[in-house]
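A.B. asks: give me a 3D structure for the following:
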Amino acid sequence: MKAKDLDKLFDGGEEDVLQHFDLSKVRRIQFEHELIELELPKERMAELDAEASRLNMTRDQLISEWVRERLEAKPAAE
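C.D. replies: Numbers count the residues shown, from 1 in each chain. The predicted structure follows:
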């Protein structure tokens, strides 16, 4: 099935699109996490929370996404 056909099913209201996938080959990647502490001014925290809310994400998810994007955009070491 093509992605555009799957999109049509999902957009058309089909709630269980998983039936169109072979779940026997799905695997979950286990990442180790490390807890960090981040200090920000209250104004920045409010901006961060507003952006996370706008994107329907948690603060932690947003920060993780931004860090990942920044690291992936970093030029390779020469």
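
A.B. asks: R27: neighbour count?
C.D. replies: A total of 5 residues lie near R27 under the criterion other Cβ atoms under 10 Å. Backbone N, C-alpha and C define where each C-beta goes, glycine included.

A.B. asks: where does it land in three-state SS?
C.D. replies: coil (DSSP: H, G, I helix; E, B strand; the rest coil).

A.B. asks: try the one 4 residues further on
C.D. replies: Counting by three-state DSSP, the backbone at F31 sits in coil.

A.B. asks: now swap in Q61 and tell me
C.D. replies: Applying three-state DSSP: Q61 is helix.

A.B. asks: so it touches A52, yeah?
C.D. replies: Yes. Using Cβ atoms under 8 Å, Q61 is in contact with A52, at 7.2 Å.

A.B. asks: between those two, which is the more surrounded one?
C.D. replies: Taking other Cβ under 10 Å, Q61 and A52 do not tie; A52 has more neighbours (17 against 12).

A.B. asks: where does the protein have low pLDDT?
C.D. replies: 14-15, 77-78 (pLDDT under 70).

A.B. asks: strands along that one, start to end?
C.D. replies: For the chain, strands defined by DSSP state E do not occur.

A.B. asks: K4: neighbouring residues, count only.
C.D. replies: By other Cβ under 10 Å, neighbour count at K4 equals 7.

A.B. asks: actually, S24.
C.D. replies: For S24, using other Cβ under 10 Å, the count is 5.
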